[in-house]
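# Predicted coordinates and the sequence they were generated for:
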Amino acid sequence: MSVFDLRIREIHQQLRNKQLSVSELVDASLQRIKEVDGQLNAFITLDEEGALDRARQLDNLAGEDETGLLFGLPMGIKDNMSTKGVKTTCASKILANFVPVYNATVVDKLNEAQAVMVGKLNMDEFAMGSSNENSAFAPVRNPWNTDYVPGGSSGGSAASVAAGEVYFALGSDTGGSIRQPAAFCGVVGLKPTYGLVSRFGLVAFASSLDQIGPVTKNVEDAAYVLQVIAGYDKHDSTSAKVDVPDYVSALTDDVSGLKIAVPKEYMGEGIDPEVREKVLEALNVLESLGATWEEVSLPHSDYVIPAYYIIASSEASSNLARYDGVRYGVRADQAENLLDMYKETRSQGFGAEVKRRIMLGTYSLSSGYYDAYYKKAQQVRTLIKQDFEQLFETYDVIVGPTTPTTAWKIGEKVDDPLTMYVEDILTCPVNLAGVPAISVPCGFDSKGLPVGLQIIGKAFAESTILRVAHAYEQHTEHHQARPQL
Amino acid sequence: MSTISKQEVEHVARLARLNLTEEEKEQFTKQLDSILNFAQKLNELDTDNVEPTSHVLPLVNVMRDDVPHESLPVEEALKNTAEHQDGQVKVPSVLEE
């Protein structure tokens, strides 16, 4: 068994017993990255020196000072979170040379918890994509089969954890960007309630939907990481003023009496039969543990994708308006005047998917179309949110697949954006409603690719979804499988 | 009938400060047309009396105390700019001669 198979709790045991030092852990992580990342492209930037320095500092803290919840753990951060002194590119040419002068709040919190960042993880450019083929640098590959996509946009985060390059990673989820790659790569991915985790220092994609969350090998580790990053932040005006419960002690393994809703829209046409079968098996496991489940309906499911893409693209076009080459980022040279510089910088700097969404968003927000598209989508969002609220009056959690299919081959869907957008049908509603959801591995299809089980909870009920996911995990072995690289 | 014309794509590109190549214009006209057609589905729903949700949390007027604090030093703020001079960002001329 490799040191990368250990849980956070077990590593801490070894660190305390002096069987391991932080430097050894960080070394092992860097070695593993050198060994396998050529096949995966999970990392954009490695901060080898910074990580080794930090490891030595932590090794010097003897015994009692090892208080941080994530003491000594090598981690990776998605490259859309600000890291002081370490390049933050958003996998875009336009930010290829950008070195932030401050840390995102989540990065500060992880540093305080004594985790060690080894580098920045690859992603779809500005977090736009479902396959990680939109990175300006290199597509990330799925560790289970490198001909396949790892999912997007946090593909680097999911691949790095699945391949044992780091113990955990942070991703960001706007329409499923943590959960979908977690499902494709056979790891755990949690999208917290909107507002639970500060977005300060996260490069904004769609501000009303974005949320940072952990990608880990198991549910218990996800609870540890969430514990550290959750909580109010005065730097984020959309941060929620709520108490952060003890997520780790919420993992009681008890789901007796739990009421599960299974939307028929999540299990019907368009869902791969192999995926459906694995989800039904998982429901049987939960049932055997004392939970009950019923088929229900989320009647506005068909409207999720159009509403999502109008809202997300509108907010993206507005957020990305700040990229003009003036104060930071790559500036196009040889511009004759200021307007020309803006246009050239943006045209050369953004990739095709980003331009497509800027165009869609600008159109939806433009005079004459605002009511027909943006406002309409926001009204439909209300109906989708109400669907969820109604179900949560009766049920504790909603369970279904994370994605309609398992991973697809690299290149298979690049020419048809709409087909790719539809893949997000099971993850996007959660972001529109603002509620939390977790994806956990629930088996493999006949090609040997992982299937994800999604557990959705009501707002700020992270403890509940973690408890259900953990109980399920305790009675299955899917999360222990590792890809051969 | 198509939802968006090439002329509209050119107009939107101007609003979005993007220079598109002929090829991009053709491609975006086609792709945006299919995405916007798909979005027409939303019109199946009667939303006349539905309030739009712009935000899931019931937040209003988040204020902070008006206390002065240290800001980013000028050198730090200019670190990522392509060109600067005398503590200021330098850009091509705004006004034509």
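Structure received. Keep in mind that what you see is a predicted model, and the values were worked out from it rather than measured. Residues are numbered from 1 along each chain as shown, chains lettered A, B, ... in the order given.
# So which residues of chain B form strands?
Secondary structure of chain B (DSSP state E): strands at B:84-85, B:88-89.
# Specify the stretch among those that is closest to chain A.
Nearest to chain A, of all these, is strand B:88-89, at 5.9 Å by CB to the nearest CB. No exception for glycine: its C-beta is placed from N, CA and C like everyone else's.
# and the stretch 51-200 of chain A, which residues reach chain B?
Within the stretch 51-200 of chain A, the residues that sit near chain B (CB under 8 Å from any CB of the partner chain) are A:97-99, A:101-102, A:194-195.
# Tell me the confidence at residue 39?
No chain specified, so I'll use chain A. pLDDT, A:Gln39: 98.
# that answer is for a different chain, and I need it for chain B
B:Ala39 is given a pLDDT of 94.
# Surely it touches A:Pro306?
Yes - contact status for B:Ala39 versus A:Pro306: in contact at 4.3 Å, counting by CB atoms under 8 Å.
# contacting residues for the closest residue to chain B within chain A?
At 2.9 Å from chain B, A:Gly434 is the closest residue in chain A, using CB to the nearest CB. With contact set as CB atoms under 8 Å, 6 or more residues apart in numbering or on different chains, A:Gly434 has these partners: A:193-195, A:385, A:459, B:56-57.
# Dump these into TSV; add neighbour count as well.
As requested, those are exported to TSV (neighbours: other CB atoms under 10 Å in any protein chain shown):
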residue	neighbour count
A:Thr193	24
A:Tyr194	27
A:Gly195	23
A:Lys385	18
A:Ala459	20
B:Val56	21
B:Leu57	17
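# Need these in a markdown table (columns: secondary structure and pLDDT).
Shown next, in a markdown table, are the contacts of A:Gly434 (DSSP: H, G, I helix; E, B strand; the rest coil; pLDDT from 0 to 100):
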| residue | secondary structure | pLDDT |
| --- | --- | --- |
| A:Thr193 | coil | 98 |
| A:Tyr194 | coil | 98 |
| A:Gly195 | coil | 97 |
| A:Lys385 | helix | 97 |
| A:Ala459 | coil | 97 |
| B:Val56 | coil | 89 |
| B:Leu57 | coil | 85 |
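# And those, which two are furthest apart?
Largest separation among the contacts of A:Gly434 by CB to CB: A:Gly195 and A:Lys385, giving 14.3 Å.
# would you list every one of the strands in the stretch 151-300 of chain A?
Along the stretch 151-300 of chain A, counting by DSSP state E, counting those that start in this stretch, strands occupy A:168-173, A:188-191, A:211-216, A:259-263, A:292-296.
# Distance check, A:Ser239 against A:Ala115.
Distance, A:Ser239 to A:Ala115, using CB to CB, to the nearest Å: 21 Å.
# Low-confidence bits of chain A, can you list those?
Applying pLDDT under 70 to chain A flags residues A:1, A:62-66.
# how about the residue nearest to A:Leu170 when sequence neighbours are not counted, what does it touch?
Once flanking residues are discounted, A:Leu170 sits nearest to A:Ile77: 5.2 Å by CB to CB, 6 or more residues apart in numbering or on different chains. A:Ile77 sits next to A:83, A:107, A:110, A:117, A:119-121, A:169-170 when contact means CB under 8 Å, 6+ apart.
# between these, which is closest to A:Gln39?
A:Leu121 (15.3 Å).
# List the contacts of the residue lying closest to the closest one once chain neighbours are set aside.
Sequence neighbours aside, A:Gly156 is the residue nearest to A:Leu121 in space, at 3.4 Å (criterion: CB to CB, 6+ apart). A:Gly156 makes contacts with A:41-44, A:76, A:78-79, A:121-123, A:132, A:140, A:150, A:169, as judged by CB under 8 Å, 6+ apart.
# which one of the residues you listed has the most neighbours?
Using other CB atoms under 10 Å in any protein chain shown as the neighbour test, these are led by A:Val140, with 37 neighbours.
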